[in-house]
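> mind looking at a prediction? Sequence and model below.
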Amino acid sequence: MTYEHSYAHSISEPVSFWQAQAEQLAWQRKPTVTLQQNADGTHRWFADGRLNSCYLALDHQIEQGRGEQLALIYDSPVTGVQQTFTYHQLRDEVARLAGLLRSLGVRKGDGVIIYMPMVPQAAMAMLACARIGAVHSVVFGGFAANELALRIEDARPTLLLTASCGLEFDRVIEYKPLVDRALQLARHQPRHVLVLQRPLVSAELQPGRDLDWQQALLGAAPVAPVELDAGDPLYIMYTSGTTGKPKGIVRENGGNAVALCYAMRHVYGMRAGDVWWGISDVGWVVGHSLIVYGPLMNGCTTVFYEGKPIRTPDASAYWRVVEQYQVNGLFCAPTAMRAIRKEDPEGALIRRHNLDSLRQLFLAGEKLDSSTHEWLERVTGKPVHDHWWQTETGWPVTAPCVGLEGSAARPGSSNRAVPGYNVQVLDDEGKPLGPNQQGAIVIALPLPPGCSQTLWGDHQRYLQAYLQSYPGYYHTGDGGYLDEDGFVYIMGRTDDVINVSGHRLSTGEMEDLVARHPAVAECAVIGVHDEIKGQVPLALVVLKDGQGIGEAQLQGELVADVREQIGALACFNRVRLVKRLPKTRSGKILRAVLRKIADGQDYTAPSTLDDPAVLGEIEGVLADLPRAG
């Protein structure tokens with residue numbers, strides 16, 4: 001099957017295309033209705049089908065003869081623990097935990113909050129919820145108590161699962177005090193809090209409410225997977241909202257299973273028995289799609305990693321894992337590779353490890369600058385693929401589909417649309433734009449299976465946020481363009497387009513030029529207020545280790561580069577050196593916060609911020625900028 005044929009079929013005949021993909025799943029009752037359209041623009045896939053996501057990920061794999069194959073490899077360089085689970089072992093652990101949840105009063109449709117570090121029990125908790133039809137919501141371990149309280153209020157969980165602590169390379173984060181504070185703030189109270197006691201910290205348990213995870217499991221009996229409607233929710237994934245209230249993205253069981261099985265095979269080129277490493281956290285959508293459900297539903301071995309790309313113990317951490325476990329494919333964020341490049345710019349640490357097993361690397365989550373792309377391909381000798389998707393879609397929108405013949409990749413682009421996604425570019429009035437014209441990136445309805453169709457408890461907000469701006473289309477919130485061959489170029493969020501003296505310019509394009517400079521490890525280009533021009537670009541630059549270039553020299557060289565490639569109209573003439581950039585725990589640079597600091601506006605440090613101290617550093621560097629008014 002070629003990419004061209006698959007894509008054309010998926011757009012012209014989406015029902016027959018996805019019906020054929022659904023045929024490859026082990027349904028408990030096969031769907032007879034593939035696509036059900038709703039009057040408000042939303043839709044349901046496989047409405048009358050019945051299945052169970054945990055069964056597909058574990059029991060079905062055992063039935064296919066994979067019981068003794070490794071299902072999950074746990075590697076924790078921060079603790080020195082390495083552990084493996086076969087499909088049989090993981091199924092048995094999950095079945096017992098599911099039995100415990102049921103004995104604690106958790107029923108089909110009930111909410112369960114999982115607030116845990118990257119330990120195997122976090123994946124077991126997700127799968128145990130799926131096994132009995134409970135709706136899990138994983139909250140990134142270590143989130144502030146107030147943010148956890150907001151999610152407890154919205155999800156209204158019957159049970160909360162946590163651990164005594166999480167670990168960073170330089171500190172221990174106690175979770176239980178954060179949980180206790182969140183429950184003081186929240187009006188809704190779960191019946192119980194199940195606590196996994198880790199060796200480094202023993203959490204204090206509140207009698208009657210809190211239970212010791214391992215002790216409670218001793219008397220638990222395993223349970224079988226329940227039969228669920230395809231449209232029953234599998235999980236809620238909270239993402240930031242402009243109103244301050246988090247948006248609960250809802251993922252359905254049926255569409256998610258079909259989409260992830262398709263993606264693992266055809267986008268990522270993974271086969272049953274392959275070793276896959278999704279480098280992320282189960283607190284993010286990547287952790288759901290590419291650490292737990294996707295790899296296991298496809299019979300792969302998944303690597304579950306508790307560590308960082310650097311300082312655990314050094315910038316060779318990822319390559320050690322690839323060699324030790326014979327990883328065949330991996331996913332990570334560009335920011336992780338930029339961190340490695342900063343500490344190992346010549347790839348000396350990479351050359352110590354045998355990467356023969358690795359077929360390709362996929363990067364997403366932030367724009368992959370061409371400099372990092374070229375460096376990573378050079379030092380690894382492997383194909384590096386940029387691709388693009390969102391929490392809301394749950395699986396890739398654009399990517400080189402390495403599992404399909406005739407798929408192509410183009411550096412600088414996030415590549416062509418994946419079959420099922422009709423990606424287009426519209427102007428401010430909703431009119432289609434031609435090749436190489438920048439506008440709003442949208443996806444024509446219906447969205448393919450796996451994409452969220454509502455928000456938890458607030459369907460109207462979903463319609464307003466995603467379907468209202470461009471009727472007939474899903475509004476991604478990203479801007480960019482398509483070239484004449486259909487390759488998609490994501491230039492950043494639509495609010496990353498700045499207006500310089502009437503010229504609409506992409507800060508993403510300038511950022512890519514800045515990142516190409518040999519002294520630059522990573523950077524962010526933002527628009528700041530200017531009394532005359534409205535806005536002008538400002539580059540914040542982190543240098544590679546060992547670089548002695550001064551700010552004035554760097555600024556001169558970067559200004560020359562931008563003028564040559566974009567022109568003097570960009571008014572690019574401000575560069576500031578910083579030690580680090582403010583990021584979320586998933587590695588996204590907080591450009592909106594940077595803009596507010598640069599313009600002297602009040603801002604609130606988001607709950608996802610990795611290290612609050614960095615904001616004070618940025619304020620000091622930008623203190624001399626002219627301010628509005």
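Looks like it arrived, so ask away. Numbers count the residues shown, from 1 in each chain.
> what about the longest helix in this protein?
Longest helix in the chain, counting residues (DSSP state H): helix 87-103.
> centre of the chain to that one, how far?
Between the centre of helix 87-103 and the centre of its chain there are 27 Å (Cα atoms, centre = their mean, to the nearest Å).
> where does Gly365 fall, phi/psi-wise?
Per-residue torsions, Gly365: phi 110, psi -30 (degrees, to the nearest 10).
> returning to that earlier point: send the alpha carbons of whichever helix or strand comes after the longest helix of the chain over as PDB?
Using DSSP states H and E, the next helix or strand after helix 87-103 towards the C-terminus is strand 111-115. Written as PDB, here are the backbone C-alpha positions of strand 111-115 (Å, rounded to 0.1, in the frame of the first residue of the first chain):
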ATOM      1  CA  GLY A 111     -13.300   8.900  37.400                       C
ATOM      2  CA  VAL A 112      -9.900   7.900  38.700                       C
ATOM      3  CA  ILE A 113      -7.000  10.400  39.100                       C
ATOM      4  CA  ILE A 114      -3.500   9.100  38.700                       C
ATOM      5  CA  TYR A 115      -0.900  11.400  40.200                       C
END
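> which other helices and strands does strand 111-115 contact?
helix 120-132, strand 135-138, helix 145-155, strand 157-163 (3 or more Cβ pairs under 8 Å, 6 or more residues apart in numbering; DSSP states H and E). C-betas here are computed from N, CA, C, even on glycine.
> got the CA coordinates for the longest helix of the chain in CSV?
Taking C-alpha atoms only, helix 87-103 is exported to CSV below (Å, rounded to 0.1, in the frame of the first residue of the first chain):
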residue,chain,number,x,y,z
TYR,A,87,2.9,-9.7,28.6
HIS,A,88,1.8,-12.4,31.0
GLN,A,89,3.4,-10.7,34.0
LEU,A,90,2.0,-7.3,33.1
ARG,A,91,-1.5,-8.7,32.4
ASP,A,92,-1.5,-10.5,35.8
GLU,A,93,-0.4,-7.3,37.7
VAL,A,94,-3.0,-5.2,35.9
ALA,A,95,-5.8,-7.7,36.5
ARG,A,96,-5.1,-7.8,40.2
LEU,A,97,-4.9,-4.0,40.5
ALA,A,98,-8.2,-3.8,38.6
GLY,A,99,-9.7,-6.2,41.1
LEU,A,100,-8.5,-3.9,43.9
LEU,A,101,-10.0,-0.8,42.3
ARG,A,102,-13.3,-2.6,41.9
SER,A,103,-13.2,-3.7,45.6
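> ok and that helix relative to strand 157-163, angle-wise?
Orientation check (axes from the mean of the first three to the mean of the last three Cα atoms, to 10 degrees): helix 87-103 against strand 157-163 gives 130 degrees.
> now do helix 87-103 and strand 111-115, the angle between them.
120 degrees.
> give the buried residues for helix 87-103.
87-88, 90-91, 93-102 (16 or more other Cβ atoms under 10 Å).
> which one of the residues you listed sits closest to Lys308?
Leu90 (25.3 Å; Cβ to Cβ).
> nearest residue to that closest one in space, please, no chain neighbours.
Nearest residue to Leu90, sequence neighbours excluded (Cβ to Cβ, 6 or more residues apart in numbering): Ala71, at 4.5 Å.
> can you give me the mean pLDDT across the longest helix of the chain?
The average of the pLDDT scores along helix 87-103 is 98.
> alright, calling it a day.
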